[in-house]
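J.: Have a look at this prediction, sequence included:
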Amino acid sequence: MPEHVPPRESAGETALERLVESVRRLIETTVVLDAPAASLVAAAQAVERVVGDLRPHVPSTSPPRFPKIVAHPDPGLLMPFDPILGRLNPLAAELRFEWQEPKAIGRVRFGKAYEGPPGCVHGGVIAAAFDQVLNVANVMRGTAGPTRKLEIRFRRPTPLGVELRFEGWQESLEDREVHSLGRLLVGDEVSVEAEGWFVLVPLERIMNLLEPRSSGSEET
C-alpha cells in the first residue's frame, strides 16, 4: 500500500471549507426555490457583491491544487478540489471514503442538486462517482492510472436523500491494465454495478501532468 503523507492544514483552509459549505447549501437551496421575483433579485445582488469582494483575491497564477502525495486514507484530502469528492469544491456531493481491505467504501447522500429522474440520482452523476470509487481502490493498491473504459449497469433507480454505499475493488492486474469492479447499494439492494479498465501509469508521471510544458516539448 502507498505511503500515507498527511497534507497541511491551515486557518485559511478551514475558512475556505466554511465558505465551500455555505456555497453548497446555496446550490441546494437554489434548485428548490419558489420565491417571489423581488427576493430572487435581492439574493442575486447579494451573491454578486460577494463575488466582487472575492474576485481581487484570485491570483493570476493558479496556486497548487494537488498535494505532492500519492495516497491518503481520506481521498478528500488527497484531491481537495475534485468535483466528485473534493471537500474544497462546492460542486462535490461530499462522497466520504474509508478503506476496508480489499475495498474502497464511499458513503454519500445526494440532494436535489443531483436529481435526474424525479426523486432519483442522475445516472451521469452515478457514473462520475464510480469513476472515482474505482480510482480510489486502485490508488490504495498503489496501481493508479487513468480510466480507459468504464461500464455502468443500472439495475434499479437510485433514490435521492438516503445514504448510499459505493464499493470498489481491484479484480485483476495484467501487464499495464488494471481491471476493477464496483457496486452501489441502497440498504441491502444493489442499484448499480460498475466495471472499469485503467492504464497503469507511474505516479510520478501522473503528478508531472501538473508541471507546465514548454512549447517545444512532446509527450513520450
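T.: Received it, and whenever you're ready, just let me know what you need.
J.: for stretch 25-43, the distance to its chain's centre please.
T.: Chain-centre distance of stretch 25-43: 26 Å, with C-alpha atoms, centre = their mean, to the nearest Å.
J.: which residues in this protein form strands?
T.: All strands of the chain, identified by DSSP state E, fall at 96-100, 103-108, 147-154, 164-174, 177-186, 189-199.
J.: tell me the helices in the chain, going along the chain?
T.: Applying DSSP state H to the chain gives helices spanning 11-30, 37-54, 75-78, 123-140, 203-208.
J.: If you average the pLDDT over the fourth one, what comes out?
T.: Per-residue confidence for helix 123-140 averages out to 95 on the pLDDT scale.
J.: With the second one instead?
T.: For helix 37-54, mean pLDDT rounds to 98.
J.: Also the longest one?
T.: With pLDDT averaged residue by residue, helix 11-30 scores 92.
J.: who are the neighbours in contact with the residue most central in space within the chain?
T.: Residue closest to the average C-alpha location in the chain (C-alpha atoms, centre = their mean): Ile84, at 2.0 Å. Going by C-beta atoms under 8 Å, 6 or more residues apart in numbering, Ile84 touches Ala92, Ala93, Leu95, Ala128, Ala129, Asp131, Gln132. Just so you know, the C-beta spots here come from the backbone N, C-alpha and C atoms, and that holds for glycine as well.
J.: is it true that Glu94 touches Val108?
T.: Yes: checked against C-beta atoms under 8 Å, the pair Glu94 and Val108 is within contact range at 6.4 Å.
J.: residue furthest from the geometric center of the protein?
T.: Within the chain, Ala38 marks the point farthest from the mean C-alpha position, 35.3 Å out by C-alpha atoms, centre = their mean.
J.: how near is that one to Asn138?
T.: According to C-beta to C-beta, to the nearest Å, Ala38 and Asn138 sit 51 Å apart.
J.: same deal with Val190?
T.: 21 Å.
J.: neighbour-wise, which of those two wins?
T.: Between Val190 and Asn138, Asn138 has the larger neighbour count (other C-beta atoms under 10 Å), namely 23 against 15.
J.: Please name the residues that touch the more buried one.
T.: The contact partners of Asn138, taken as C-beta under 8 Å, 6+ apart, are Ala144, Gly145, Gln170, Val178, Ser180, Phe198.
J.: And for Leu185?
T.: Contacts for Leu185 (C-beta under 8 Å, 6+ apart) come out as Leu164, Arg165, Phe166, Glu167, Ser191.
J.: try it again with 10 Å
T.: By C-beta atoms under 10 Å, 6 or more residues apart in numbering, the residues touching Leu185 are Thr158, Glu163, Leu164, Arg165, Phe166, Glu167, Ser191, Val192.
J.: Nearest residue to Gly116 in space, please, no chain neighbours.
T.: Distance criterion C-beta to C-beta, 6 or more residues apart in numbering; nearest residue to Gly116, sequence neighbours excluded, is His122 at 3.2 Å.
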